[in-house]
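3D model of this:
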Amino acid sequence: QVQLVESGGGLVQPGGSLRLSCAASGFTFNDYTMYWYRQRPGKERELVADITSTGGITNYVVSVEGRFTISRDNTKNTLYLQMNSLKHEDTAVYYCNARILDMASDTIRVHWGRGTQVTVSS
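Take a look at the predicted model:
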């Protein structure tokens, strides 16, 4: 059973940093691209960053480029999001996401963690 468990959120002042983690289990982690999404208050969930299976290619939404870094440790089945120079508008629930091939049905199933709250406030 696929499980994604986020951690590392909290309250931080503007300009501060946080590192989010996502512990993955139930699938072959190093076979899949992984994603971080966020949902800001009153907004739809948006893709923040993604990273290919080997970590060789990363992509970011424009609003976080140069401030956030997505990475992964395939030996620990863990996805990370290092967030620096945090702004008020980064306040959101951050979610880990994986799109896993279900062998029985030959379809891609989308899996979400429960999320971790990040609040940027002075």
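
Tell me the predicted confidence for the most centrally placed residue in the chain.
The residue lying closest to the centre of the chain (C-alpha atoms, centre = their mean) is Trp36, at 2.5 Å. Note for Trp36: predicted pLDDT of 98.

Helix or strand: which one has it?
Per DSSP states H and E, Trp36 falls inside strand 34-39.

Neighbouring strands - and their directions - for the next helix or strand after that strand?
Where DSSP H and E defines the elements, the next helix or strand beyond strand 34-39 is strand 46-51. Partner strands and pairing direction for strand 46-51 (DSSP bridges) are strand 34-39 (antiparallel), strand 58-60 (antiparallel).

out of those strands, nearest to Arg45?
Of all the strands paired with strand 46-51, strand 34-39 sits nearest to Arg45, with 4.3 Å by C-beta to C-beta. Every C-beta, even on glycine, is put in place using the N, C-alpha and C of the backbone.

got the buried residues for that closest one?
Within strand 34-39, the residues that count as buried by 16 or more other C-beta atoms under 10 Å are 34-38.

now the end-to-end length of stretch 60-72.
15 Å (C-alpha to C-alpha, to the nearest Å).
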